[in-house]
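Student: The sequence and its predicted three-dimensional model are supplied below.
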Amino acid sequence: AHKRANNNTDSIDIEIKKQDGGYVYVVRDYGNSMDKNTIADVYVKLGKSDKRDSNNEHGGWGLGAASPLAYTDHFWIETWTEEEGHNIYRKWVQYIDPSRVGALSLLEEDEWIDGKTGTQVIIPFEKKDLAPVLDALNFYLSYTEAKYNFKSEIEDVNINISRLWYSHFGTNWAMYIHED
């Protein structure tokens, strides 16, 4: 989202905080965000990706937006968009309905006055899964070039990223992994 909006100044915000006896993992970008039609395409239609025709972006399989449902039965999406001269805030819930099919429902819609466009995803997880969530976050962030800002209100929670760099050679082959 940042890349598409040519946003080279804002960092992606990543936060882990307490909520309802467990934790939530929160990611906020400052891209162009999504209107109602776009969010339905991204979060409801599995196998459809707007990155499919690009070699310059990660993804393309149409599975990423629904991946939190592999862990939890619901998560929230908040969007801040500019539509026809209006700044619109929406809060959605993506959930597994009784038929075990994913569904998306609009919970809230209002105008917003101050701030930037973007999307925020909030994924709840259990306390017992804090270490694996941090391990996955460390792993993912070690491969991304995106700028990010991490914060947590939970004591002793931080991320320690060591970026892995690979050197590739040819003919008889050699591959080196460098850590900084």
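Tutor: Yep, that arrived.
Student: Tell me which helix or strand residue 136 sits in.
Tutor: helix 130-141 (DSSP states H and E).
Student: for residue 124, same thing?
Tutor: strand 118-125.
Student: how about the strands in the protein?
Tutor: 12-19, 22-29, 74-83, 86-96, 102-111, 118-125, 148-152, 164-168, 175-179 (DSSP state E).
Student: Of all these, which one is nearest residue 35?
Tutor: strand 74-83 (5.6 Å; Cβ to Cβ). Bear in mind the C-beta positions are built from the backbone N, C-alpha and C, glycine included.
Student: In that closest one, which of the residues would be classed as buried?
Tutor: Neighbour-count burial for strand 74-83 flags 74, 75, 76, 77, 78, 79, 80, 81 (criterion: 16 or more other Cβ atoms under 10 Å).
Student: Stretch 66-76 too?
Tutor: 66, 68, 69, 74, 75, 76.
Student: which one of the residues you listed is nearest residue 147?
Tutor: residue 68 (23.1 Å).
Student: ok so, going back, any chance of CSV for the buried residues of stretch 66-76, columns distance to residue 42 and pLDDT?
Tutor: Formatted as CSV, those follow (distance: Cβ to Cβ, whole Å; pLDDT from 0 to 100):
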residue, distance to residue 42, pLDDT
66, 9, 80
68, 13, 90
69, 14, 88
74, 17, 94
75, 13, 95
76, 14, 96
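Student: Of these, which is the nearest to residue 159?
Tutor: Relative to residue 159, the closest of these is residue 68; by Cβ to Cβ it sits at 19.0 Å.
Student: And the residue nearest to the spatial centre of the chain, how far from residue 76?
Tutor: Nearest to the geometric centre of the chain sits residue 27, at 5.2 Å (Cα atoms, centre = their mean). From residue 27 over to residue 76 the distance is 11 Å, taken as Cβ to Cβ, to the nearest Å.
Student: which neighbours do those two share?
Tutor: residue 121 (Cβ atoms under 8 Å, 6 or more residues apart in numbering).
Student: where does the chain have its least confident helix or strand?
Tutor: strand 164-168 (a mean of 55; mean pLDDT, DSSP states H and E).
Student: Okay, now the unreliable bits of this protein?
Tutor: 1-7, 45-64, 160-180 (pLDDT under 70).
Student: Which residue, other than its chain neighbours, is closest to residue 153?
Tutor: residue 17 (4.9 Å; Cβ to Cβ, 6 or more residues apart in numbering).
Student: cool, and residue 20?
Tutor: Closest to residue 20 by Cβ to Cβ, 6+ apart is residue 124, at 7.2 Å.
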